[in-house]
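Engineer: Sequence and computational prediction follow.
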Amino acid sequence: MTIATYKDEDKTLFNQMKNQTSGTWHFLLTGEWSQSPYHQGKVAFHYRNTNSKKNWAILSIGFPKRIAVAATFNQLTKIEEAYERS
């Protein structure tokens with residue numbers, strides 16, 4: 001398993017991995033965050049994957065909206081298995 005994020009120093013691998021996925025985004029979860037009474041908000045996460053279920057990407061919808069994580073597995077992987085392996 002290979003995981004890359006938008007915060008990695010070398011974004012080359014992340015950009016390659018996130019561009020391997022395409023198609024519809026599927027809802028994963030939503031939540032709220034708070035740093036203080038004046039700094040709070042909501043965030044939602046969606047995922048998409050390739051037909052082979054080997055390449056995955058997670059979209060963060062908040063501020064800013066961006067693909068936050070991309071992962072590649074050596075074999076067919078379900079979303080539940082991807083979570084358990086991370």
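Structural biologist: Arrived safely. Just so we're clear, the structure is a prediction, and the values are computed from it rather than from any experiment. Numbering: from 1, shown residues only.
Engineer: For the spatially most central residue of the chain, which non-adjacent residue is spatially closest?
Structural biologist: Against the mean C-alpha coordinate of the chain, by C-alpha atoms, centre = their mean, the closest residue is residue 58 at 1.8 Å. Nearest residue to residue 58, sequence neighbours excluded (C-beta to C-beta, 6 or more residues apart in numbering): residue 69, at 4.4 Å. The way it works is simple: take the backbone N, C-alpha and C, and place the C-beta from them, glycine included.
Engineer: SS state for the one you found?
Structural biologist: With DSSP: H, G, I helix; E, B strand; the rest coil as the basis, residue 69 sits in strand.
Engineer: tell me which residues form a beta bridge with it?
Structural biologist: Note on residue 69: beta-bridge partners by DSSP bridges are residue 5, residue 58.
Engineer: Helices of this structure, residue ranges please.
Structural biologist: 12-19, 79-85 (DSSP state H).
Engineer: okay, now residue 8: neighbour count?
Structural biologist: The local packing of residue 8 (other C-beta atoms under 10 Å) involves 13 other residues.
Engineer: any idea how far the closest residue to residue 29 other than its chain neighbours is from residue 18?
Structural biologist: Closest residue to residue 29 apart from its sequence neighbours, by C-beta to C-beta, 6+ apart: residue 45 at 5.4 Å. Per C-beta to C-beta, to the nearest Å, residue 45 is found 14 Å from residue 18.
Engineer: So which of those two has more stuff around it?
Structural biologist: When residue 45 is set against residue 18 and neighbours are counted by other C-beta under 10 Å, the residue ahead is residue 18, at 25 against 17.
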